[in-house]
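S.K.: need coordinates for the below:
(chains A and B)
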Amino acid sequence: MKKLLVAILCLTMFLSMASAASAAEANVIEFWTFAESHVDLYKVMAEKWNAEFPDKPIELSVSVMPYDDMHNKLLIALQSGEGAPDMVDIEIGKFANFLKGEPQLLPLNRVVEPELDNIVRSRVDIYSKDGNFYGICFHVGAAVIYYNDALLKEAGIDYTTIKTWDDYAQAGAKFLEATGKPFGTVETTDLWHFEPLVFSQGGDILNKEDGTPNIDSPEVKKALAFNQDLIQKGILALAPGGNHHAEEYYGMMNAGSYGSVIMPMWYMNRFTDYMPDLSKQIAIAPLPVWEEGQPRSVGLGGTGTAVTNQATNPDLTMDFLAYTKLSKEGNVQVWKVLGFDPIRSEVWSMPELRDGDTKFHQYYVNNPFDVLMEIKDEIPAITVSEFLPPTSDALKNNVFFRAYEEMADLDTMLPEENAKVK
Amino acid sequence: MGVAFLKKRQGFRAFFYSQKAAPYVFVMPFILVFVIFFVFPLISTVIMSFQSVLPGQVRFIGLENIKRLNDPEFFQAIKNNLIYTALTLALLIPFPMIFACMLNSKATIGRNFFRSALFVPILTSVVVAGTIFRLIFGELPGALANQIVGLFGMGPFRWRQMQGTVYMILVMLACWRWTGVNILYFLSGLQSIPEELYESASIDGASTIRKFRHITWPMLKPTTIYVLTISIYGGFAMFLESYMLYTNNRSPRGMGLTIIGYLYRQGWEQNNIGYGSAIGLCLLLIVMVINLVQLKFFGLFAKEDK
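M.R.: As a prediction, the model looks like this:
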């Protein structure tokens, strides 16, 4: 009996030593994300890394958690100084929370600074504080407009002639008359459709100087008034389900109920995945502006990947992060695997990407990269401050609902809502 | 060494068999759980509600968090919870009580079937139930609720964007889920009422209604008070139902916002844990005051006074 016990003990000791030895060889990088699709990119890049640097192999240990769940857990882990992963995806709407106080993330300046000239700088600026970069984005998130070209042609509209919001309104009236359908939709619970209308005027929902809430600015008012007018005329409809990610909306859009939708480039994969019936019908175009010469896009959304101060091997983790998100190869894979507009701009004009044969090339009427090249110098970044979460909440909860559903008077409503943001 | 070991062992025996120590040993697990998971968090919540809690920068800010509670959004959340709780109490106490009486009566056909059928909804998760209710009350003409009102020539309505219908959906969801559980409480209460009381009442010629009024109702009082107390807490702690109805913690103009939803938004979504703690304390106070008043009013403490 005793001998058996000793034998078992020896075996367990041996096994645990063996596993400890193999763990020392491949460095485990613990990684949290809230998006299953992001994992694909990291897996591809980890394989490439191990092939390229056999002397310092890595092993990814990935945990995919629901959006809120993951950000909450991370907040607790960083606050309490225990239990955080090495590397983590933090969504831009939540990032400001992690920059409050003393950031518990490591500055990525060592890997970011040498690449600043090669990437769209604003995509690291939005994750920075006091000159330190704490996150690297997946994509530019250039806002564009998607037209249902087949429906537009039926109504006798050429989308390439829509240059200004006035043109858009006129085309919308013509579309409504010809088809009886709304030309587009506005979101009542999200910001994507709305921000481009503000940014092309040079405005923002936060003050550019001090980052305070800016809901009562003339630019916001002008954008809301424009939408109110078109809603009353029936040219714009309220997005069913409240936003462009609702099942109800996908169904209606897929059934050809609307002529256009304003969303960032990363919305491309929502079309291919959720609205398959519109294949070969959707054209991507730069956004209209108020007056020609204004920027025809804005970088929206994003996920900053960060390295926490609890990382066991910070330098290696940082190098792998840079390899995945800053290197040329990494950016090629961002497009190929995820269909996002990569942050490294030289990649956009690479012929093998531009003329590739991905599901996106097959789905859209025109080439997404042509649009991206056309607007590449017209993609301003949004202002980020700790007021971003409450300010966007105010817009999503109250401002849009009151403006679009209740048709509230903007002159009284906007200052009221702006004052409420704390 | 052997002697010492024996002595020690005897010490243990003595300890376990001691009439003084044993009760403490038996209640120890509860005390430990209570202290670690209730008392300690409560104290740290009180402390945090006077702090600004950020990594590396935890500092006391006096009454700042308490002052911030003067927020129209918070009042909206309290109002929602009050209305929701009042409506659920008005429906979820009388009806389950009547149903329980019916199910307890031997005259009811298929009572075992109804007992289990009414209990099934609580076994579904709130997430699933909330999602299904969201789809039923969708805003497109094809949603079930809109099809039904369409038969009467009305709608389609945007159910989740109107204050009245939001309360209606939430209360319906609560009734659907909790009726069975409350029936169970009342059934167990009914079964502890001695049969003889009803028999003698019948001999005296009492009607069914009088029997209910003078036997069932007073004998069920402890059960009713228990159900009332947990329902008040449940009403004020409601969160997931409204969260699932909107697929996130946001509803237009705070129509579906609850106190916990507000706590979650401020504490986690906007990383103001100190302020979140103050909201949590406020919720504790509200529920405690209402329940103490209610218990006093219904005379639960009266026994001890006598």
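
S.K.: what's the nearest residue in the stretch 1-150 of chain A when you look at chain B?
M.R.: A:G101 (2.8 Å; Cβ to the nearest Cβ). For the C-beta atoms, the positions are set from N, CA and C on the backbone; glycine is no exception.

S.K.: pretty sure that residue contacts B:R59?
M.R.: No. With contact defined as Cβ atoms under 8 Å, A:G101 does not reach B:R59; the gap is 10.0 Å.

S.K.: between the two, which is the more surrounded one?
M.R.: A direct count of neighbours by other Cβ atoms under 10 Å in any protein chain shown for A:G101 and B:R59 places A:G101 higher, at 17 against 10.

S.K.: how near is the closest residue to chain B within the stretch 301-422 of chain A to B:M255?
M.R.: As assessed by Cβ to the nearest Cβ, chain B sits closest to A:F401 within the stretch 301-422 of chain A, at 3.7 Å. Plainly put, A:F401 is 9 Å away from B:M255 if you go by Cβ to Cβ, to the nearest Å.

S.K.: give me the common contacts of those two.
M.R.: Common neighbours of A:F401 and B:M255, counting by Cβ atoms under 8 Å, 6 or more residues apart in numbering or on different chains, are B:Q161.

S.K.: tell me how the chain divides into domains.
M.R.: By default, I'm working from chain A. Per automatic domain parsing, the domain ranges recorded for chain A read A:26-75+A:85-140+A:301-349, A:143-298+A:370-420.

S.K.: oops, I was thinking of chain B
M.R.: Taken from automatic domain parsing, chain B resolves into B:2-48, B:64-305.

S.K.: among these, which is nearest A:L191?
M.R.: Taking Cβ to Cβ, domain B:64-305 is the member of the domains of chain B nearest to A:L191, at 11.8 Å.

S.K.: check whether the closest one contacts chain A.
M.R.: Yes. Against chain A, domain B:64-305 shows contacts by Cβ under 8 Å from any Cβ of the partner chain at B:68, B:71-73, B:138-140, B:158, B:161, B:246, B:250-254, B:265, B:268-271, B:273.

S.K.: strands of chain A, start to end?
M.R.: Secondary structure of chain A (DSSP state E): strands at A:27-33, A:58-64, A:87-91, A:128-129, A:132-133, A:143-148, A:184-186, A:236-238, A:260-264, A:282-285, A:303-307.

S.K.: using a markdown table, please lay out those strands together with distance to chain B.
M.R.: Output for the strands of chain A, formatted as a markdown table (distance: least, Cβ to the nearest Cβ, whole Å):
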| stretch | distance to chain B |
| --- | --- |
| strand A:27-33 | 16 |
| strand A:58-64 | 18 |
| strand A:87-91 | 12 |
| strand A:128-129 | 13 |
| strand A:132-133 | 15 |
| strand A:143-148 | 19 |
| strand A:184-186 | 13 |
| strand A:236-238 | 8 |
| strand A:260-264 | 17 |
| strand A:282-285 | 22 |
| strand A:303-307 | 13 |
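
S.K.: lowest average confidence across the ones you listed, which one?
M.R.: Lowest mean pLDDT within the strands of chain A: strand A:128-129, a mean of 89.

S.K.: what bits of the chain have low per-residue confidence?
M.R.: Just so you know, I chose chain A. Applying pLDDT under 70 to chain A picks out residues A:1-25.

S.K.: wait, chain B was what I had in mind.
M.R.: The low-confidence ranges in chain B, as defined by pLDDT under 70, are B:1-11, B:16, B:300-306.

S.K.: from it, which residue is nearest to chain A?
M.R.: For chain B, Cβ to the nearest Cβ, closest residue to chain A: B:L54, 2.8 Å.

S.K.: can you list the residues of the stretch 201-350 of chain A near chain B?
M.R.: Checking the stretch 201-350 of chain A against chain B by Cβ under 8 Å from any Cβ, the hits are A:240-241, A:248, A:251-252.

S.K.: mind doing that once more with 10 Å?
M.R.: A:238, A:240-243, A:245-249, A:251-252, A:309 (Cβ under 10 Å from any Cβ of the partner chain).

S.K.: most neighbours, which of the residues you listed?
M.R.: A:G242 (27 neighbours).

S.K.: can you tell me which residues contact the residue nearest to that one when sequence neighbours are not counted?
M.R.: Closest residue to A:G242 apart from its sequence neighbours, by Cβ to Cβ, 6 or more residues apart in numbering or on different chains: A:T189 at 3.8 Å. By Cβ atoms under 10 Å, 6 or more residues apart in numbering or on different chains, the contact list for A:T189 reads A:239, A:241-246, A:395-397, A:400-401, B:161, B:246-248, B:250-252.

S.K.: likewise B:A14?
M.R.: B:A21.

S.K.: correct me if wrong, but it is in a helix.
M.R.: Yes. B:A14 forms part of a helix when assessed by DSSP: H, G, I helix; E, B strand; the rest coil.

S.K.: look up how far A:Y127 lies from it.
M.R.: Applying Cβ to Cβ to B:A14 and A:Y127 gives a distance of 65 Å.

S.K.: ok, which stretches of the stretch 51-200 of chain A are helices?
M.R.: Taking DSSP state H, counting those that start in this stretch to define them, one finds helices in the stretch 51-200 of chain A at A:67-80, A:92-99, A:109-112, A:122-125, A:149-154, A:165-179, A:195-199.

S.K.: include mean neighbour count and distance to chain B when you put those into JSON lines, please.
M.R.: Converted to JSON lines, the helices of the stretch 51-200 of chain A look like this (neighbours: other Cβ atoms under 10 Å in any protein chain shown; distance: least, Cβ to the nearest Cβ, whole Å):
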{"stretch": "helix A:67-80", "mean neighbour count": "18", "distance to chain B": "5"}
{"stretch": "helix A:92-99", "mean neighbour count": "22", "distance to chain B": "4"}
{"stretch": "helix A:109-112", "mean neighbour count": "18", "distance to chain B": "19"}
{"stretch": "helix A:122-125", "mean neighbour count": "20", "distance to chain B": "21"}
{"stretch": "helix A:149-154", "mean neighbour count": "18", "distance to chain B": "20"}
{"stretch": "helix A:165-179", "mean neighbour count": "18", "distance to chain B": "19"}
{"stretch": "helix A:195-199", "mean neighbour count": "25", "distance to chain B": "17"}
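
S.K.: in a markdown table: these, plus distance to A:L410.
M.R.: Shown next, in a markdown table, are these (distance: least, Cβ to Cβ, whole Å):
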| stretch | distance to A:L410 |
| --- | --- |
| helix A:67-80 | 32 |
| helix A:92-99 | 25 |
| helix A:109-112 | 40 |
| helix A:122-125 | 29 |
| helix A:149-154 | 30 |
| helix A:165-179 | 17 |
| helix A:195-199 | 13 |
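
S.K.: in chain B, which residue is most central in space?
M.R.: B:G234 (1.8 Å; Cα atoms, centre = their mean).

S.K.: contacting residues around B:M154?
M.R.: B:146, B:148.

S.K.: cool, and B:S125?
M.R.: B:S125 sits in contact with B:131, B:240, B:244, where contact means Cβ under 10 Å, 6+ apart.

S.K.: which element is the last one on?
M.R.: Going back to what we said before, that points to B:M244. helix B:240-246 (DSSP states H and E).

S.K.: report all helices and strands that that helix contacts.
M.R.: helix B:72-92, helix B:126-136, helix B:163-191, helix B:259-264 (3 or more Cβ pairs under 10 Å, 6 or more residues apart in numbering or on different chains; DSSP states H and E).

S.K.: make it 7 Å
M.R.: helix B:126-136, helix B:163-191 (3 or more Cβ pairs under 7 Å, 6 or more residues apart in numbering or on different chains; DSSP states H and E).

S.K.: other residues contacting that helix?
M.R.: B:126-127, B:130-131, B:133-134, B:160, B:169-170, B:173, B:249, B:251, B:256, B:258, B:261 (Cβ atoms under 7 Å, 6 or more residues apart in numbering or on different chains).

S.K.: which of those residues ranks first by neighbour count?
M.R.: Counting by other Cβ under 10 Å, top hit in those: B:T258 with 28 neighbours.

S.K.: look up phi and psi at it.
M.R.: Note on B:T258: backbone dihedrals following degrees, to the nearest 10 are phi -120, psi 170.

S.K.: tell me who's in contact with it.
M.R.: B:77, B:80-81, B:238-239, B:242.
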